[in-house]
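*Asks:* What follows is a predicted protein model with its sequence.
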Amino acid sequence: MKRKITIAFFLILFNSILNAQDIHFSQYYASPMTVNPAYTGMFNGTYRVGANYRNQWASVTVPYKTFAGYADIGLLHRPFNKYFIGTGFSMVNDVAGDGNLSVTKLTGNGSFHYALDGAKKYFLSVGLQASYIQKKVDWNKLYFHSQWSDIDFNQGLPNLESGYSPSFHYFDFQLGALYSFIANNIIGGYVSVSLSHALRPVDSFYGDDFKLGGRPQISAGLNVNATKALTLYPSFYYQNQKNASEFLVGAMASFKVAPDEDESNKFYFGTYIRLKDAWYPVAGYEFSNIRILLNYDINYSELQPASRGRGALELSIQYIGNFGKPPKGIIDMPCPRF
């Protein structure tokens with residue numbers, strides 16, 4: 001009986017993922033291209049490259065593995081320009097569950113940033129992301145009710161399913177806006193809003209008219225220079241899609257090893273919580289504009305008896321470079337630096 005309940009649970013879990021789950025990272029502050037296209041080109045430098053990796057639910061079932069890589073650049077940074085533009089691209093691959101549900105997403109981003117003041121301390125930004133998405137699943141690795149042999153599942157039996165496809169693809173769009181500011185030498189901040197699946201594309205292996213729900217996202221945060229060496233980064237992130245929602249909140253701090261030197265040499269530490277699901281400590285290090293952050297999600301939801309608290313391991317790495325001097329007035333954002 002326990003085996004039947006376990007199998008039924010994972011079939012239900014897989015089905016919900018098959019129809020609804022979007023790719024996401026606990027380190028929303030280190031995944032700019034999946035959060036808001038208005039972040040494109042908005043960083044303290046002229047070009048940026050990075051990658052994210054997430055391994056989830058290895059203690060419960062077949063691990064869900066997500067990888068993302070991205071690159072973007074800021075253009076038209078000139079002393080007398082009150083505006084500049086950003087352009088970039090990203091690639092995301094996600095493999096989930098017993099059926100190897102694979103999602104590959106290729107995106108192109110464009111953004112426009114306008115300074116609201118002559119000192120370039122207040123910026124309003126807008127962005128657009130266009131994506132090509134392909135989804136695949138290995139139906140031969142799934143279990144169906146027609147394959148139950150009163151003792152166990154026998155995948156040698158026909159699954160009696162029809163009308164499905166092993167893969168499909170579609171185009172998708174995301175819109176975003178961003179307000180960022182540097183109030184003084186101590187405090188800066190940002191407010192970000194975006195909408196994924198703006199045109200609600202059809203998403204189905206069975207060729208029906210199931211449409212993805214629009215997914216609004218909002219996040220905000222502050223940068224507080226507590227001392228010459230210590231900076232605090234409180235922030236939150238919220239997203240909603242149909243009947244599902246996610247709210248993350250927490251804070252990180254950076255400690256500069258040599259505060260009187262210009263070269264970056266910082267330690268990062270902090271903690272965040274995903275309400276009703278997990279909390280996760282974060283630690284990292286930055287040197288020569290290369291930043292590495294590592295976190296581990298500790299699950300406390302109703303799945304905890306099965307997961308034993310072991311949720312997900314996540315790693316991000318980012319490099320920001322400059323062609324000459326870095327641009328003026330760009331906040332190190334959002335937390336600790338996009």
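*Replies:* Thanks, I have the structure now. The shown structure was predicted, so the numbers you read here are calculated from the model rather than taken from an experiment.
*Asks:* Quick check: phi and psi on Pro37?
*Replies:* When read as degrees, to the nearest 10, the backbone of Pro37 gives phi -70, psi -20.
*Asks:* Spatially nearest residue to it (excluding sequence neighbours)?
*Replies:* Nearest residue to Pro37, sequence neighbours excluded (Cβ to Cβ, 6 or more residues apart in numbering): Gly127, at 3.2 Å. To be clear about C-beta, it is placed using only N, CA and C from the backbone, and glycine gets the same treatment.
*Asks:* and what of Leu232?
*Replies:* Val224 (4.4 Å).
*Asks:* and that neighbour, how many neighbours does it have?
*Replies:* Using other Cβ atoms under 10 Å, Val224 is surrounded by 16 other residues.
*Asks:* Please report how far it lies from Ile186.
*Replies:* 7 Å (Cβ to Cβ, to the nearest Å).
*Asks:* partner strands of the helix or strand containing the residue nearest to Leu232, parallel or antiparallel?
*Replies:* Element membership of Val224 [criterion: DSSP states H and E] is strand 215-225. The sheet places strand 215-225 alongside strand 187-196 (antiparallel), strand 230-241 (antiparallel), with pairing taken from DSSP bridges.
*Asks:* Put the alpha carbons of that strand into PDB.
*Replies:* Listed next in PDB are the C-alpha coordinates belonging to strand 215-225 (Å, rounded to 0.1, in the frame of the first residue of the first chain):
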ATOM      1  CA  ARG A 215       3.300  35.400 -14.300                       C
ATOM      2  CA  PRO A 216       3.700  38.800 -12.700                       C
ATOM      3  CA  GLN A 217       6.900  39.300 -10.700                       C
ATOM      4  CA  ILE A 218       7.800  42.100  -8.200                       C
ATOM      5  CA  SER A 219      10.900  42.600  -6.200                       C
ATOM      6  CA  ALA A 220      12.600  45.400  -4.300                       C
ATOM      7  CA  GLY A 221      15.600  45.900  -2.200                       C
ATOM      8  CA  LEU A 222      18.100  48.300  -0.600                       C
ATOM      9  CA  ASN A 223      21.900  48.700  -0.500                       C
ATOM     10  CA  VAL A 224      23.000  50.100   2.800                       C
ATOM     11  CA  ASN A 225      26.600  51.000   3.400                       C
END
